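Q: sequence and computational prediction follow.
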Amino acid sequence: MKTLSDSYHCLKQENFTNTYPKLPAPELWYRLLPTAIVTLAILGLVTLGVSEQLENSMNYFLFSSPPIRSSGWLSLAVLMIGVGVGLFLLRWRLAHQLSVWGLLCISWGYGSVLISQQGYSLPVLTPMLFFGLNGIGVAIAEGIRSYVELRRSEERYALAAQGAKEGVWDWNLRTDRFYVSPQWLQMVGDENAVPENTPSIWFDRVHPMDLTPLQVAIADHLQRRTEHFEQEYRLMHQDGSYHWMLSRGVAVWHPEGRAERLVGSQVDITSRKQTEEALRRNAFCDKLTGLPNRSGFTQQLKQALDRVQTHSRTSFAVLWLDIDCFELVNNSLGREIGDRLLVAVAQRIRSFLPLDDSLARIGGDEFGILLNHVQDVKDATQMAERVQQVLALPFNLDDREVFLTLSIGIALSTAQYSDPDHLLRDADTAMHRAKTFGRARYEVFEQAMRTRMVVKLLLENDFRRVIAQESSDCSQELQLLYQPIVKLRTGEISGFEALVRWQHPEQGTLPPHRFISMAEETGLIVPMSWWVLRAACRQMRKWQLAFPQAAAMTINVNLSSRQFAMPGLTRYMEQILEETELSGSNLQLEITESMIMENAASIVSVLHEIRNLGIQLAIDDFGTGYSSLSYLTRFPINTLKIDRSFVGKIGFSSDSLEVVRTIHLLAHNLGMNVTAEGVETAEQAARLLEMDCEYGQGFFFFQPLAIDAITNLLQQEFNPDLSEDDPTFDI
Ligand code: C2E
Ligand code: MG
Ligand code: MG
């Protein structure tokens, strides 16, 4: 078997060239060459008559007459050629060929003796000499051929190893000598070392952490537990740095079964390892903060869970931190400041977190803390309080002071978790609970939260289905109710507010607070709001056509903040007006103060574009948000709707009456109309009328009503003769 170590010897001589040697003569020639030479020699001797003299001088019998003599020699030549070609065609091995020539030699000698006893004479020594010479010639030719083939094969391997940048090694296990190729020495930057050495030239350079695994891999192969030896390890370069290497090898076995040598090759895989490391870092690290990302954090949680399972007395907690209203920072100060704030938050938390606790960035503005060694829930809540205190101090960015608060969800490992994702999910659920309860607080996960979450998820799925059907006009589940808005002075209906309801097949009629915030979170509010706008405009137009006196009425539609941020908003509104043939002046859009604040940058131009379509604008729920009348002067607002929390207290609290009066006065000064929402009693209506408030909306006048009820109402209002009830109000 030709081994790598044979190639090593060839490499050691370093006398090969980079081109293949000239191929030897075709096989036929060098196999038959000895036979041909010897045959030619016979013919030459015959021609020169030398063999005759030779025979004579050696006292052997000669052929009796010259023709017979020369034909005898010719037959001998033909015999040799015939046997040579025959052996070639049979492709016998050298030993067999030599046996044939030897046999020929002996049988010729024996045959000539027998023939001489019959009275004939044959030349003996010369033919025997020729046969012997021929055998030796064949042996030499075969030797040359094997040598050339071996050289060629070695050179091929050496070139391949050089091309593949492999260093070859050969470990003689009997003598404990270790040979390495110049390429191997080059890999460790030690070209001047002696190539023949002890295995310490290898093992002394292996990284201490990788030495045992390498030795185990070698032992495994030498004990025939593996078919090949293969191992990756770090090898120390002459300059002191470690390079990653991959070695592969095989043992050469003694017939008795023990390993005699181990031979193999080594390649430098440092760049591959570096790429792998970079990819790994990318996959598990957050680029911005340098902290582990969600995948990295999940891995840490997995390890912590494994630890808990082996040492059941330890437990840990996961804290899910979410920065409240972070999008406001991004929108108002820009993404760059937002990024810097995230880095500063990460640094601040890390600065006081114990070293064996981990911090990770698990989402845009979300961080995770893995708190080890938690005795009870108090340890976790104390940490949550501490984080909140530390982050309550202002951040100085670009000479600006930025304040922020956090909502934190806590999940404890004690609840028999085995999947890190479940822990994260529960910490997230608790965090959402904290948000729902008003932000800047923490909540510890309880089972009931998950149930609520599941209910919410189911509702979300149902709503997705409804919206999908709604867009193809197949669903009857969304419904609009219309609540009349009345002129307080006359009691006439001035318009309606469209209010959405969801006729859930199992849960019955769901009011907006059951699904609007979920629709906002999922973005489904956008298609829903367009459906509401289109349906409300279409209905208003129908009433106008049925009751020409309704031409001056307006339909109020609530806009969502998501919808407001949508590009092409006014174009879409214009399209709906064209489609439903409703005039813009009959539509009033209700927006909230917070919507204005969230979209502060683009809001002025968008509001003007809307007003240019003739559409009116109202500020809804005024008094519950920023409640700044001064900034309203910058916006083209027609109506201010005072929130029902103030209106509803008229008659109970003089303060509320004063607040309503002040808002009303200021709104008038700014040229806006005022609608009082949530008028529930005659007294409230009377007080509002006294302060000259234009419009009122509330259960005192009308509940939100279905289309048919409104149609009846309009009939009564415009054809009082047909009506049975008195539509005026007794204030
Ligand atoms: P909103 O725009 O302020 O609508 C007025 C809400 O006050 C309605 O509740 C209405 O039924 C209720 N209301 C009217 N008069 C009285 C009263 O005298 N007493 C009391 N206690 N309540 C009264 P609703 O229909 O439950 O709607 C709640 C909120 O849901 C709306 O408040 C609005 O913000 C939102 N909403 C309703 N429909 C839509 C919609 O189509 N799109 C969007 N984006 N939001 C909607
Ligand atoms: Mg409204
Ligand atoms: Mg309102």
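A: In hand now; what should we look at? Ligands and ions are numbered 1, 2, ... in the order given.
Q: let's verify Arg634: helix, strand, or coil?
A: At Arg634 the chain is in coil, as set by DSSP: H, G, I helix; E, B strand; the rest coil.
Q: pLDDT score for it?
A: At Arg634, the model reports a pLDDT of 81.
Q: if I look at it, how far off is His608?
A: Note on Arg634: its distance to His608, by C-beta to C-beta, to the nearest Å, is 11 Å. (Each C-beta comes from the backbone N, C-alpha and C, glycine too.)
Q: tell me which parts of the stretch 351-500 of the chain are close to ligand 2?
A: Within the stretch 351-500 of the chain, not a single residue sits near ligand 2 (C-beta under 5 Å from the ion).
Q: where do the helices sit along the stretch 201-350 of the chain?
A: Using DSSP state H, counting those that start in this stretch, the helices of the stretch 201-350 of the chain run over 208-222, 270-284, 294-310, 326-333, 335-352.
Q: start to end distance for stretch 283-296?
A: Start-to-end span of stretch 283-296 (C-alpha to C-alpha, to the nearest Å) is 8 Å.
Q: and that stretch, average pLDDT?
A: Here the average pLDDT along stretch 283-296 is 90.
Q: now that stretch: buried residues?
A: Across stretch 283-296, burial judged by 16 or more other C-beta atoms under 10 Å covers Phe284, Cys285, Asp286, Thr289, Leu291, Pro292, Asn293, Arg294, Gly296.
Q: could I get those as CSV with distance to ligand 1?
A: Below are the buried residues of stretch 283-296 laid out as CSV (distance: C-beta to the nearest ligand atom, whole Å):
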residue, distance to ligand 1
Phe284, 41
Cys285, 40
Asp286, 35
Thr289, 36
Leu291, 38
Pro292, 39
Asn293, 35
Arg294, 32
Gly296, 39
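Q: how about those residues in TSV, adding distance to Trp543?
A: Output for the buried residues of stretch 283-296, formatted as TSV (distance: C-beta to C-beta, whole Å):
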residue	distance to Trp543
Phe284	61
Cys285	61
Asp286	56
Thr289	57
Leu291	59
Pro292	60
Asn293	56
Arg294	53
Gly296	60
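Q: tell me the domain ranges of the protein?
A: 4-158, 164-274, 287-445 (automatic domain parsing).
Q: now the second one, how far from the centre of its chain.
A: Offset of domain 164-274 from its chain centre (C-alpha atoms, centre = their mean, to the nearest Å): 35 Å.
Q: what's near enough to touch the most centrally placed residue in the chain?
A: Taking C-alpha atoms, centre = their mean, the centroid of the chain lies closest to Ala283, which sits 6.7 Å from it. Neighbour list for Ala283: Ser295 [criterion: C-beta atoms under 8 Å, 6 or more residues apart in numbering].
Q: spell out which residues of the chain are next to ligand 2.
A: Asn558, Glu590, Asp620.
Q: and if we set it to 6 Å?
A: Within the chain, the positions lying close to ligand 2 (C-beta under 6 Å from the ion) are Glu497, Asn558, Glu590, Asp620.
Q: beta partners for Gly167?
A: Gln266 (DSSP bridges).
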